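**Q** Predicted model and sequence below, questions to follow.
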Amino acid sequence: MSALSGKISGRSGHRAEASYAGADERRVLPRPLRRVVRFTVALATGRIYIPRHIGTVSTFAFLGVVGLYGMSVGGHTEVVAQSVTASAGFAIEDVRVSGNEQTSEIDILQMLGLDGTTSLVALDIEAARKKLAELPWVEYAEVRKVYPKTIEVMLKERQAFGIWQHGDELSLIERNGKIIAPLRDSKFATLPLFVGRDAETAAASFEQELAGWPELKNRVRAYVRVAGRRWDLHLGNGVVLKLPERNVDQALAVLSRLEAEQGILERDIAAIDLRLGDRTTVQLTAGAMDRRKEALEARSKALKKAGVDS
């Protein structure tokens with residue numbers, strides 16, 4: 001029994017060694033290459049069905065991908081998208097603008113670059129809004145698409161507070177002193193005029209300080225900033241009021257009293273100096289000075305004549 005077992009085990013051991021040796025001699029391809037080889041064999045033997053015109057479709061797809069890549073590299077993607085979508089019926093034909101009093105619709109169209117072929121689909125809303133915000137009068141802009149061919153533009157414009165003269169230039173300014181645009185016409189002639197360095201930034205606070213003196217404020221033609229510290233008020237009749245750096249209300253109270261008692265602002269004077277709290281200086285005009293001189297000379301002659309006669 002033991003001898004039989006020995007024979008059997010010897011034969012099986014020999015076969016196992018032979019199979020291991022065969023496995024070692026056989027080459028095994030990596031897994032990805034096995035799939036490629038199996039697909040190639042199946043394709044060659046006709047076991048895989050290839051639809052008709054697959055080559056044509058693949059060629060056009062390849063050319064399309066290459067074209068898109070070329071447009072992307074060359075920066076022409078937006079132009080092509082504009083042209084295609086506009087031809088498809090999405091060209092902007094109507095622009096509705098609201099909130100514009102000083103900004104013309106022509107300026108809006110030019111800033112947006114609308115030429116009749118601009119596509120609504122390809123229009124960049126955020127870029128359009130930023131462009132409109134560059135217009136002088138525009139404080140804030142909103143742009144909305146209304147398919148298929150309309151855009152709505154809603155503006156919030158800046159408010160002109162006064163006119164600032166700096167050198168030979170006249171500019172419209174906001175209440176905070178920021179320049180809006182150069183003054184081009186006379187429709188803003190009723191706004192107050194502020195003259196001098198730093199006048200635009202100090203204008204609003206001083207104008208508010210004069211709110212308690214409405215009668216005087218209505219007579220002011222120009223506010224002139226002197227040395228960045230104080231103001232001279234130029235009235236419509238040519239009189240100049242020289243105000244102090246501080247205690248402006250106190251100086252205006254003195255002026256109001258003089259006007260009530262003597263009508264000083266209606267007299268033939270050139271300037272009233274209110275800079276000193278303990279006294280007020282009045283400067284006569286050149287004509288008034290001549291007339292006063294003539295009156296004094298005539299009075300002196302009359303006194304002399306009266307003395308001689310007596």
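**A** Perfect, I can see it now. Numbers count the residues shown, from 1 in each chain.
**Q** Look up phi and psi at Leu109.
**A** phi -60, psi -40 (degrees, to the nearest 10).
**Q** got any ranges where this protein has weak pLDDT?
**A** Within the chain, the segments meeting pLDDT under 70 span 1-29, 39, 41-44, 46-55, 57-90, 116, 288-299, 301, 303, 307-310.
**Q** give me the element Leu172 is part of.
**A** In this structure, Leu172 sits in strand 169-173 according to DSSP states H and E.
**Q** Show me what that strand is in contact with.
**A** 160-164, 179-183, 188, 191, 194, 200, 203 (Cβ atoms under 8 Å, 6 or more residues apart in numbering). Quick note: C-beta positions are derived from backbone N, CA and C, even for glycine.
**Q** can you list the domains in this structure?
**A** 82-157, 162-290 (automatic domain parsing).
**Q** quick one: strands adjacent to the strand holding Leu172?
**A** Strand 169-173 has the following strand partners under DSSP bridges: strand 162-166 (antiparallel), strand 179-182 (antiparallel).
**Q** need the next SSE after the strand or helix carrying Gln250, C-terminal direction.
**A** Gln250 is part of helix 248-262 when elements are defined by DSSP H and E. As assigned by DSSP H and E, the chain's next helix or strand after helix 248-262 is strand 269-273.
**Q** Point out the other helices and strands that that following strand packs with.
**A** strand 240-242, strand 281-284, helix 286-309 (3 or more Cβ pairs under 8 Å, 6 or more residues apart in numbering; DSSP states H and E).
**Q** measure Val36 to Ala160 for me?
**A** Taking Cβ to Cβ, to the nearest Å as the measure, Val36 and Ala160 are separated by 76 Å.
**Q** Who has more neighbours out of these two?
**A** More crowded of Val36 and Ala160, by other Cβ atoms under 10 Å: Ala160, with 19 against 11.
**Q** Name the nearest residue to that one, ignoring sequence neighbours.
**A** Leaving out its chain neighbours, the residue that sits closest to Ala160 by Cβ to Cβ, 6 or more residues apart in numbering is Leu172, at 4.6 Å.
**Q** Ok, Leu274 next?
**A** Ala251 (3.9 Å).
**Q** Identify whichever of the domains of the chain lies nearest to Pro30.
**A** domain 82-157 (45.5 Å; Cβ to Cβ).
**Q** quick one, phi/psi of Leu191?
**A** Per-residue torsions, Leu191: phi -70, psi 150 (degrees, to the nearest 10).
**Q** Could you give the number of residues near it?
**A** Leu191: 15 neighbours (other Cβ under 10 Å).
**Q** Which residues are in contact with it?
**A** 160-163, 172.
**Q** likewise Ala251?
**A** When contacts are counted by Cβ under 8 Å, 6+ apart, Ala251 touches 243-244, 274-275, 277.
**Q** can you do 10 Å?
**A** 241-244, 272-277, 280 (Cβ atoms under 10 Å, 6 or more residues apart in numbering).
**Q** Let's see the PyMOL selection covering just the buried ones among the contacts of strand 169-173.
**A** To isolate the buried subset of the contacts of strand 169-173 in PyMOL, counting by 16 or more other Cβ atoms under 10 Å, use the following:
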select buried, resi 160+161+162+163+164+180+183+194+200+203
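**Q** Which stretches in this structure count as strands?
**A** Secondary structure of the chain by DSSP state E: the strands cover 94-98, 138-146, 150-157, 162-166, 169-173, 179-182, 193-195, 220-226, 230-235, 240-242, 269-273, 281-284.
**Q** I'd like a version of the ones you listed in CSV, one that adds distance to Ser300 as further columns.
**A** Formatted as CSV, these follow (distance: least, Cβ to Cβ, whole Å):
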stretch, distance to Ser300
strand 94-98, 75
strand 138-146, 67
strand 150-157, 66
strand 162-166, 46
strand 169-173, 50
strand 179-182, 56
strand 193-195, 43
strand 220-226, 39
strand 230-235, 34
strand 240-242, 31
strand 269-273, 23
strand 281-284, 19
